[in-house]
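Colleague: What shape does this take:
(one chain, ligands or ions: 1)
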Amino acid sequence: MKGSPLISAKQLGQGYGSRIVFRALDLELQPGVTALLGPNGAGKTTLLQTLATVLPPRQGQLTIDGRVVVSEADARLARRRIGFLPQQFGYEPGMRVRDFVQYGAWIRGLPTREWAEASTIALEYVGLADEAASKMGRLSGGMRQRAAIAWAIVGKPDFVVLDEPTVGLDPQQRLRFRDIIVGLDDTTVLLSTHLIDDVDAICDRVVIMHEGRICFEGLTEDLKALDDPSIPGYTPLERAYMSLLPQEGSNR
Ligand code: ADP
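Modeller: Next comes the predicted model:
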């Protein structure tokens, strides 16, 4: 048992115009790494953006460390403790890596006097201290992704939200990414991914979403125990995950 939840969502509803993405969604997140899995269109990005206070919920209640987020002012305060890395993060190619990370510190509302040290710590943590003066546009894809993670963790937020952070990384870069995430210790990390072996390697818990509903929430080990050899898949976790999704051509 790792303590009370940092994030608690109750009866959360979200959508775009007349499109309802999810309704009455309950979720609690504790320190440790939680994977958010689900097919494309399930609502993962929308949920991540809602929990990161980027999108105000349409219905329900979001509580971050005991404080209910009601107004934009609450959300702004909450964001100081949240590092959110969107799927497509913007950067200016001519911007130096150090300035890019400091920009993250500014967005999070860190006091100006803390920017330089916090950025140095974040860049050291992701192994990019030597590239602090390099331009973002000159970095390799893997390095740029690490710079983005430094951007998300600068100032040590309690809640780190990463939307498909391993897309486009080669196997070596993914291994490095895993080490970075595992080292975040007491942080509450929520990451969406399609890569089941990343989940197996680094995630304590798993949330599976399908068509706006959570169809599994629990320990990775407990999900693995649902392995069904009759279901397609190469590993126990892959088969367990597939077994919870409606099979193609069925009405389940
Ligand atoms: P996932 O991340 O699981 O692929 P998303 O949260 O991106 O799912 O999308 C959930 C649903 O919401 C999809 O049907 C998608 O088409 C729709 N959607 C996502 N973003 C928007 C938007 N900005 N405007 C309208 N519909 C959207």
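Colleague: which stretches of the stretch 1-150 of the chain form helices?
Modeller: Remark: helices assigned in the stretch 1-150 of the chain by DSSP state H, counting those that start in this stretch are 44-51, 72-79, 97-107, 112-125, 141-153.
Colleague: Quick check: buried residues in the helix or strand of the chain with the lowest mean pLDDT?
Modeller: Ranked by mean pLDDT, DSSP states H and E, the weakest helix or strand in the chain is helix 171-182, scoring a mean of 90. Residues of helix 171-182 classed as buried under the neighbour-count rule (16 or more other CB atoms under 10 Å) are 173, 174, 176, 177, 178, 180, 181. All C-beta atoms are positioned from the backbone trio N, CA, C, and that covers glycine.
Colleague: For the ligand, what's its nearest residue on the stretch 51-200 of the chain.
Modeller: Relative to the ligand, the nearest point of the stretch 51-200 of the chain is residue 192 (6.6 Å; CB to the nearest ligand atom).
Colleague: Could you pull up the residues touching that residue?
Modeller: Listed by CB atoms under 8 Å, 6 or more residues apart in numbering, the contact set of residue 192 reads 35, 36, 37, 38, 44, 45, 48, 162, 163, 164.
Colleague: Just list whatever residues bridge to it.
Modeller: Bridge pairing for residue 192 (DSSP bridges) gives the partners residue 36, residue 163.
Colleague: What separation do you get for it and residue 7?
Modeller: Going from residue 192 to residue 7 by CB to CB, to the nearest Å gives 15 Å.
Colleague: Pretty sure residue 27 is one of the things residue 217 touches, is it not?
Modeller: Yes - the pair residue 217 and residue 27 qualifies as a contact (CB atoms under 8 Å) at a distance of 7.0 Å.
Colleague: out of those two, which sits in the more crowded spot?
Modeller: Applying other CB atoms under 10 Å to residue 217 and residue 27 shows that residue 27 carries more neighbours, namely 20 against 17.
Colleague: What is the burial count for the residue lying closest to that one once chain neighbours are set aside?
Modeller: Once flanking residues are discounted, residue 27 sits nearest to residue 9: 4.5 Å by CB to CB, 6 or more residues apart in numbering. Neighbour count for residue 9, taken as other CB under 10 Å: 21.
Colleague: cool, residue 134 as well?
Modeller: Counted with other CB under 10 Å, the neighbours of residue 134 add up to 15.
Colleague: same deal with residue 144?
Modeller: Per other CB under 10 Å, the neighbour tally for residue 144 reads 21.
Colleague: and if you look at residue 79?
Modeller: 20.
Colleague: Pretty sure it sits against residue 110.
Modeller: No - look at residue 79 against residue 110 with CB under 8 Å: they stay out of range, at 11.1 Å.
Colleague: Show me what the host helix or strand of residue 207 packs onto, helices and strands only.
Modeller: Counting by DSSP states H and E, the element that carries residue 207 is strand 205-210. Counting contacts by 3 or more CB pairs under 8 Å, 6 or more residues apart in numbering; DSSP states H and E, strand 205-210 is packed against strand 32-37, strand 213-219, helix 220-224, helix 236-244.
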